[in-house]
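[1] Dropping the sequence and predicted coords here.
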Amino acid sequence: MEPREAVLKIADAMNASVIGQRDVVERILIALLADGHVLMEGLPGTAKTRSVKTLSSLVESHFGRIQFTPDLLPSDVTGSEIYREQTATFEFQPGPIFGNLILADEINRAPAKVQSALLEAMEERQVTVAGQTHKLPELFLVLATQNPIEQEGTYPLPEAQMDRFLLYVRVDYPASKNEAAILRLVRGEKSGTAVAPISPIPQEVVFEARRQVHAVHVAEAAERYLVDLVLATRNPKQYEGELSNWIRLGASPRGTLALDAAARAHAWLQGQDFVSPDNIRAVAPACLAHRIHLTYEAEAAGVTRTEVIESLLKNVVPV
């Protein structure tokens, strides 16, 4: 089976299990193909956890779940050294971060020490404990969730942590037409009459898909448009409208790299061998929204980061 055919089958299976969240499914698959992490923000019950667990059942992988709480310790995530009386030596016991697909549930409930422990794992794909460095698996993807309205017992993610996520995905309630379908799906699962899932694909298929994504061509014009979008977040005064009143700080070069990788993955999913401006526009909100910082005026007016990026896309046009 060709890698693209296998990934599209995963998409169909996920959409059948996570009804009414096609954009979320697409973003998760883009992150898988682009070898990046995803931050999903949405109210409880919007299938954030379900989407991650469904993906883990469709790819040969070790699924790890970390339920973040205010009393969590870094060693609860990374693992720790354990003393073995039999050998009178210390032995490293890996933590749940040593998996392939990691669900970081309610990540904003973890204190700063735990967040700092995640930085090395997410960026360097390794963990250092007691002076020893331990490599993480080649297939390593963190899919984190957070509740946008919960304030008690939460810690805002530091900017460095946010920048480690390739994509930010806002998970909204499904449309009313999908509510009955969700009801029937869960009834079928509980009664044992749900459709059997497809066999999980080997990890090598994912790696081959990533190689094909990396080979997707980006023309100079598309590259210029991509860079212009990122630069516009740093120099919003050059454009008309409210952008200069909304953006306090723009995206870092890591945002440029994320936009390039995600646009390639989006084009590959569409069956293209090149990146078009449409591919860039499709992934720009997910790549840049969490990398910009709003002014106090924008926050007071209730302007969201996604709305700012949408305004940015209207002002910056491909040459």
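    Looks like it came in fine. Residues are numbered from 1 along each chain as shown.
[2] which residues of the stretch 151-300 of the chain fall in strands?
    165-171, 247-249, 293-294 (DSSP state E, counting those that start in this stretch).
[3] packing partners for the last one?
    Packed against strand 293-294 by the contact rule (3 or more Cβ pairs under 8 Å, 6 or more residues apart in numbering; DSSP states H and E) you find strand 247-249. Where C-beta positions appear, they are placed from N, C-alpha and C, glycine not excepted.
[4] what's the strand it packs on in contact with?
    233, 234, 236, 292, 293, 294, 295, 298, 308 (Cβ atoms under 8 Å, 6 or more residues apart in numbering).
[5] The last one: what's it in contact with?
    Okay, so that is residue 308. 243, 246, 247, 289, 292, 294, 298.
[6] Between those residues, which sits nearest residue 216?
    Relative to residue 216, the closest of the contacts of residue 308 is residue 289; by Cβ to Cβ it sits at 23.2 Å.
[7] Now do the residue lying closest to the closest one once chain neighbours are set aside against residue 249, distance only.
    Among residues not flanking residue 289 along the chain, residue 305 sits closest, at 4.1 Å (Cβ to Cβ, 6 or more residues apart in numbering). Going from residue 305 to residue 249 by Cβ to Cβ, to the nearest Å gives 12 Å.
[8] shared neighbours of these two, which are they?
    Shared contacts of residue 305 and residue 249, counting by Cβ under 8 Å, 6+ apart, come down to residue 292.
[9] So which of these two has more stuff around it?
    More crowded of residue 305 and residue 249, by other Cβ atoms under 10 Å: residue 305, with 21 against 13.
[10] okay but the more buried one is in contact with residue 287, surely?
    No: distance between residue 305 and residue 287: 11.6 Å, which falls outside the contact criterion (Cβ atoms under 8 Å).
[11] Overlap of the contact sets of the two?
    Residues touching both residue 305 and residue 287 (Cβ under 8 Å, 6+ apart) are residue 168.
[12] re the thing from before, just the buried ones from the contacts of residue 308?
    Buried subset of the contacts of residue 308 (neighbour count, 16 or more other Cβ atoms under 10 Å): 243, 246, 247, 289, 292, 294, 298.
[13] Kindly list the main-chain dihedrals of the residue nearest to residue 289?
    For residue 305, the backbone dihedrals (degrees, to the nearest 10) come out as phi -70, psi -40.
[14] Please apply the same query to the one 10 residues further on.
    Geometry field for residue 315 lists phi and psi as phi -90, psi -30, criterion degrees, to the nearest 10.
[15] What sits closest to it if chain neighbours are left out?
    Counting by Cβ to Cβ, 6+ apart, the nearest residue to residue 315 once its immediate chain neighbours are dropped is residue 239, at 4.2 Å.
[16] Residue 104 too?
    residue 144 (3.9 Å).
[17] Pretty sure that neighbour sits against residue 166.
    No: Residue 144 is not in contact with residue 166 according to Cβ under 8 Å; the separation is 11.4 Å.
[18] Give me the common contacts of the two.
    Common contacts of residue 144 and residue 166 (Cβ under 8 Å, 6+ apart): 37, 38.
[19] For this structure, which residues score under the pLDDT cut-off?
    Applying pLDDT under 70 to the chain flags the ranges 149-153, 192-197.
[20] could you dump the buried ones among the contacts of residue 308 to a markdown table with distance to residue 107?
    Below are the buried ones among the contacts of residue 308 laid out as a markdown table (distance: Cβ to Cβ, whole Å):
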| residue | distance to residue 107 |
| --- | --- |
| 243 | 29 |
| 246 | 26 |
| 247 | 25 |
| 289 | 17 |
| 292 | 20 |
| 294 | 21 |
| 298 | 24 |
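[21] Can you pick out the most distant pair from these?
    Farthest pair in the buried ones among the contacts of residue 308, by Cβ to Cβ: 243 and 289, 13.9 Å.
[22] Domains of this structure: list them as residue ranges, please.
    Residue ranges for the domains of the chain, per automatic domain parsing: 3-191, 216-315.
[23] and the residue nearest to residue 289, what is it in contact with?
    Counting by Cβ under 8 Å, 6+ apart, residue 305 touches 168, 289, 290, 292, 294.
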